[in-house]
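Chemist: Need a 3D model of the sequence below.
(2 chains)
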Amino acid sequence: MAEATNQPAEASRVVADAPELSRSLTRMAHQILEANQGCEDLVLLGIPTRGVHLAKRLAKLIEAIEDRPVRLGVLDITMYRDDLRANPTRRVGRTSIPGRIDDTVVVLVDDVLYSGRTVSAAIDALRDLGRPRAVRLAVLVDRGHRELPIAADHVGRAMQTAADERVQVLLDELDGRDEVVISRPGGTR
Amino acid sequence: MRHLLSAADLTLAEATSILDVAAEMADVQRRPVKKLPTLRGRTIVNIFFEDSTRTRTSFEIAGKWLSADTINVSAKGSSVSKGESLRDTMLTLDAMGVDCFVIRHASSGAADQVASWVRAQVVNAGDGQHEHPTQALLDAYAMRAHFRKIGSTDTSGGFAGKKIAIVGDLLHSRVVRSNVLLQRTLGGEVTLVAPPTLLPTGVETWGCPVTSDFDEALADADIVMMLRVQRERMAGGFFPTEREYAEAYGLTEERLAALKPGAAICHPGPMNRGVEISSAAADAANSLVLEQVAAGVAVRMSVLYHLLGSNEGAMK
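Modeler: Predicted coordinates:
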């Protein structure tokens, strides 16, 4: 969703800082465990770029709570996008699935839920990899404006946004700080 | 990239991206479901005016695994055998709404010609003795995988400073020119080794050293790429006997033993065992021959993705 170079444009406001972001993730980790009653058959799959880092953090939190390892992987959805032809060639990322996903509960992790098209592509990609017992969706920010009938199961923060605003999740691993920023770039989206 | 006609068309960013995506496509080949929906609704015509099994099949599989509709047309049994010109044949197919032609032709420059006539995108799958860019890409893919296996951590591919000796029938080979052009971009140092009778005209303008002393080139090569002696084009008496050729330019068991540690062997196939390559070398642990074949589909999937998986293949 978010581009690899996440530098907020002018006229931006911080809507969540590092402690808030950390609290949201902790709550999501508990929610995921509660909904799944443990992490035995749980597989966390991060969607590049920022979903991968969020999935890593969630896995760490879950492991701290449960005191046992949780399966973690990466699901690149580039080849499943429905907008490839409208854009220049997209770089294809690495997909790595930890073992078989048949009969597991897969939790897809992404930073921002917007149109729902990324998640739709991710569900298509999963279908080619196996047959999970259930697929859930965890997002740090749900900003509305869905174009497909898709809803998240675990949401860090839901926020009202205008369609021409840009929601960026900045993460320490990539951007040097943890923040959620809403900006209105001049004329472009 | 609108077309892939020559290995020289590729920038370093494009070539590296093709090799990177090919590695992902190789992962897809290990899945139970090998198909990706990426090129759904696109039509690719493989039109081969020359016989080919591995190139045509790997392009066909590559297109199918990306969900494109792939159609094979061979010159035998087509209207070409009724005397239709290349131009008319291509324009006819183009008018049917084809998105991409993968073309092999016995005449050098055929793919460029076709690209200037048709609306569709064109991939050169071998034109006469001129070029075969996807073969050079899959050679590079196999070499890069080898460099990484023996410990290279260079993310741009690790070709810088690597010495690649290309040995044998340079005159009739389209693979050699594409490899020289691609390595010019990737940074490998190519040395050409051949008897004077098998050197193409103008080889001195290619910008790489040419020698007829295989043993000297062998001594510091990281990759030794053996080219097939093209018996079907050998009516002209380019060398006295196959035995003498093997003696001077074959990768014999003795030469296999003389390779420096970590060096690997390539051959684009099909091999003439006992002529340009001994069985011991072909089956050696450091032979990349099967890796090259395995890379064929993944690299061609990547090429088709770069050409067709975006608006006119523009690089981001």
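Chemist: I figured residue B:106 hits residue B:128, correct?
Modeler: Yes: counting by CB atoms under 8 Å, residue B:106 sits close enough to residue B:128 to count as a contact (5.6 Å). Yep, even glycine has a C-beta here, placed from its N, CA and C like the rest.
Chemist: Can you mark which positions in stretch A:49-61 are buried?
Modeler: Buried residues in stretch A:49-61, counting neighbours by 16 or more other CB atoms under 10 Å in any protein chain shown, are found at A:49-59, A:61.
Chemist: and what of stretch B:125-134?
Modeler: For stretch B:125-134, by 16+ other CB under 10 Å, it's B:125-134.
Chemist: least confident pick among the buried residues of stretch A:49-61?
Modeler: Among the buried residues of stretch A:49-61, residue A:49 carries the weakest pLDDT, at 93.
Chemist: ok, that one touching residue A:174?
Modeler: Yes: under the criterion of CB under 8 Å, residue A:49 makes contact with residue A:174 at 7.1 Å.
Chemist: any idea how far chain B is from the closest residue to residue A:115 other than its chain neighbours?
Modeler: Distance criterion CB to CB, 6 or more residues apart in numbering or on different chains; nearest residue to residue A:115, sequence neighbours excluded, is residue A:147 at 4.2 Å. Using CB to the nearest CB, to the nearest Å, we find residue A:147 at a distance of 19 Å from chain B.
Chemist: give me the element residue A:147 is part of.
Modeler: According to DSSP states H and E, residue A:147 maps onto no helix or strand at all.
Chemist: What distance do you get for it to residue B:74?
Modeler: From residue A:147 across to residue B:74, the span is 45 Å (CB to CB, to the nearest Å).
Chemist: cool, and residue B:200?
Modeler: 28 Å.
Chemist: circling back to that earlier point, the residue nearest to residue A:115: neighbour count?
Modeler: 10 (other CB atoms under 10 Å in any protein chain shown).
Chemist: how about it, what does it touch?
Modeler: A:115-117 (CB atoms under 8 Å, 6 or more residues apart in numbering or on different chains).
Chemist: Repeat that for residue A:104.
Modeler: Counted by CB under 8 Å, 6+ apart, residue A:104 has contacts A:41-43, A:71, A:132-133.
Chemist: Try it again at 7 Å.
Modeler: Contacts for residue A:104 (CB atoms under 7 Å, 6 or more residues apart in numbering or on different chains) come out as A:41, A:43, A:132-133.
Chemist: Also residue B:70?
Modeler: B:44, B:46, B:60, B:63-64.
Chemist: So for it, what's the pLDDT?
Modeler: Value for residue B:70, per-residue pLDDT: 97.
Chemist: tell me which parts of chain A are close to chain B?
Modeler: A:79-80, A:84-92, A:94-95, A:124, A:128-129 (CB under 7 Å from any CB of the partner chain).
Chemist: helices or strands up against the helix-or-strand element of chain B with minimal mean pLDDT?
Modeler: Least confident element among the helices and strands of chain B, by mean pLDDT, DSSP states H and E: helix B:242-249 (a mean of 91). Applying 3 or more CB pairs under 7 Å, 6 or more residues apart in numbering or on different chains; DSSP states H and E, one finds that helix B:242-249 contacts no other helix or strand.
Chemist: From the rest of the structure, what touches it?
Modeler: Against helix B:242-249 from outside (CB under 7 Å, 6+ apart): B:167-168, B:195, B:214, B:229, B:239, B:252, B:274-276.
Chemist: Can you tell me which member of those has the lowest pLDDT score?
Modeler: residue B:239 (85).
Chemist: And for the nearest residue to that residue once chain neighbours are set aside, the neighbour number?
Modeler: Nearest residue to residue B:239, sequence neighbours excluded (CB to CB, 6+ apart): residue B:245, at 4.7 Å. Neighbour count for residue B:245, taken as other CB under 10 Å: 21.
Chemist: Quick check: residue B:245 vs residue B:279, distance?
Modeler: Applying CB to CB to residue B:245 and residue B:279 gives a distance of 16 Å.
Chemist: thinking again about what came up before, so which of the contacts of residue A:104 wins on neighbours?
Modeler: Most surrounded of those: other CB under 10 Å gives residue A:43, at 25 neighbours.
Chemist: Distance of it relative to residue A:153?
Modeler: 14 Å.
Chemist: Let me know the outermost residue of chain B.
Modeler: residue B:82 (30.9 Å; CA atoms, centre = their mean).
Chemist: what's the distance between the closest residue to residue B:253 other than its chain neighbours and residue B:184?
Modeler: In this structure, residue B:253 finds its nearest non-sequential neighbour in residue B:280, 4.7 Å apart by CB to CB, 6+ apart. Plainly put, residue B:280 is 32 Å away from residue B:184 if you go by CB to CB.
Chemist: quick one: the helices in the chain?
Modeler: You didn't say which chain, so I picked chain A. Taking DSSP state H, the helices of chain A run over residues A:18-36, A:50-66, A:117-127, A:172-175.
Chemist: my bad, the chain I had in mind was chain B
Modeler: B:12-28, B:54-65, B:86-95, B:110-117, B:133-149, B:175-186, B:214-219, B:242-249, B:253-258, B:279-282, B:289-308.
Chemist: which of the residues of chain A next to chain B sit farthest apart?
Modeler: Comparing every pair within the residues of chain A next to chain B by CB to CB identifies A:88 and A:129 as the most remote, at 27.0 Å.
Chemist: out of the two, which sits in the more crowded spot?
Modeler: Higher neighbour count among residue A:88 and residue A:129: residue A:129, with 19 against 12, using other CB under 10 Å.
Chemist: The more buried one reaches residue A:100, doesn't it?
Modeler: No: with contact defined as CB atoms under 7 Å, residue A:129 does not count as touching residue A:100 (8.8 Å).
Chemist: if I pick the residue most central in space within chain B, what's in contact with it?
Modeler: Note on chain B: the residue nearest the mean C-alpha position is residue B:135, at 1.2 Å, using CA atoms, centre = their mean. Residue B:135 sits next to B:175, B:178, B:268 when contact means CB under 7 Å, 6+ apart.
Chemist: any idea how far residue B:170 is from the second one?
Modeler: Distance of residue B:178 to residue B:170, given as CB to CB: 12 Å.
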